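J.: Pasting a predicted model and its sequence here:
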Amino acid sequence: MTGSRRRGGPAGEARLFVALDLPVDIREQLGWWGREARRECGPMRLIDTELLHVTLAFLGARPVAEIDPIGAAVAGVDEGVSRGGRLALGAPVWLPRRRPRLLAVELHDDEGGLAALHSALSVALAAAVDWTPERRAFHPHVTVARMRADGGGSGSAARRGALPATPSASFGGEALTLYRSWLQPSGAVYEALERVGLGG
């Protein structure tokens, strides 16, 4: 797709976030689970399997000139931290809890490797550019589906008991990636700008 047909924010800005990429088999399992959940809960828009990820830092609209220093910060996160620990898929959760708009699957980080990566990344990004990490506690999860904008499926949160059991799987992260999000009528398109393989 050409840049002229993409919308990444005001001119001179880029919508950026840093994510933990998931192994293909985990994304496929979550995609299967999302389809099962939709059959039980009613209309919702599933996230494309290839786009499933764990957001570690949402930077929002940033000046394009900051892409290089942000990318360097991502690439420079201590390798020992970024490779630490195994993760496991947990229970389904509706987010935010008061007025749910997203269906997600929680992640268990029993060894603390993901929390350590999140902390190290936050420090590196704050040192690289004028960015302040969120104050709320880090809650690792994978968003699998979004409620329809017209309100369809808005009552799904009341049917939590109908959700199928999530897959039982443990895994390591595949990569740490800086993404640029291009907004389009059909949904967001993610462009990888900096990628650090984790060998997970």
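T.: Perfect, thanks for sending it.
J.: and residue 163, what does it touch?
T.: Contacts for residue 163 were tallied using Cβ atoms under 8 Å, 6 or more residues apart in numbering; they are 37, 40, 41, 92. Where C-beta positions appear, they are placed from N, C-alpha and C, glycine not excepted.
J.: how close does the closest residue in space to residue 106 that isn't next to it in sequence get to residue 13?
T.: In space, and not counting its chain neighbours, residue 106 is closest to residue 90: 3.6 Å by Cβ to Cβ, 6 or more residues apart in numbering. Between residue 90 and residue 13 the computed distance is 35 Å (Cβ to Cβ, to the nearest Å).
J.: which stretches of this structure have low pLDDT?
T.: Residue ranges of the chain with pLDDT under 70: 1-11, 79-85, 148-161, 199-200.
J.: I'd like the next helix or strand past the lengthiest helix in the chain.
T.: Taking DSSP state H as the criterion, the chain has its longest helix at helix 24-41. Using DSSP states H and E, the next helix or strand after helix 24-41 towards the C-terminus is strand 45-46.
J.: Paired strands for that next one, with orientation please.
T.: Using DSSP bridges, the strands paired with strand 45-46 are strand 141-146 (antiparallel).
J.: which other helices and strands contact the next helix or strand after the partner strand?
T.: Heading C-terminal from strand 141-146, the first helix or strand you meet, by DSSP H and E, is strand 170-171. Helices and strands touching strand 170-171, by 3 or more Cβ pairs under 8 Å, 6 or more residues apart in numbering; DSSP states H and E, are strand 87-95.
J.: Let's see that with 6 Å instead.
T.: Helices and strands touching strand 170-171, by 3 or more Cβ pairs under 6 Å, 6 or more residues apart in numbering; DSSP states H and E: there are none.
J.: who's in contact with it?
T.: Contacts to strand 170-171, defined as Cβ atoms under 6 Å, 6 or more residues apart in numbering, come from residues 23, 26, 86, 87, 88.
J.: Please repeat the previous calculation with a cut-off of 7 Å.
T.: The contact list for strand 170-171 (Cβ atoms under 7 Å, 6 or more residues apart in numbering) reads 23, 26, 86, 87, 88, 200.
J.: can I get these in a markdown table with neighbour count?
T.: Output for the contacts of strand 170-171, formatted as a markdown table (neighbours: other Cβ atoms under 10 Å):
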| residue | neighbour count |
| --- | --- |
| 23 | 15 |
| 26 | 23 |
| 86 | 15 |
| 87 | 24 |
| 88 | 15 |
| 200 | 19 |
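J.: of all the residues you listed, which comes closest to residue 135?
T.: The nearest member of these to residue 135, counting by Cβ to Cβ, is residue 87 at 23.8 Å.
J.: Does the spatially closest residue to the closest one that is not a sequence neighbour fall in a helix, a strand, or a coil region?
T.: Nearest non-adjacent residue to residue 87, counting by Cβ to Cβ, 6+ apart: residue 107, 5.1 Å away. Under the three-state scheme (DSSP: H, G, I helix; E, B strand; the rest coil), residue 107 adopts strand.
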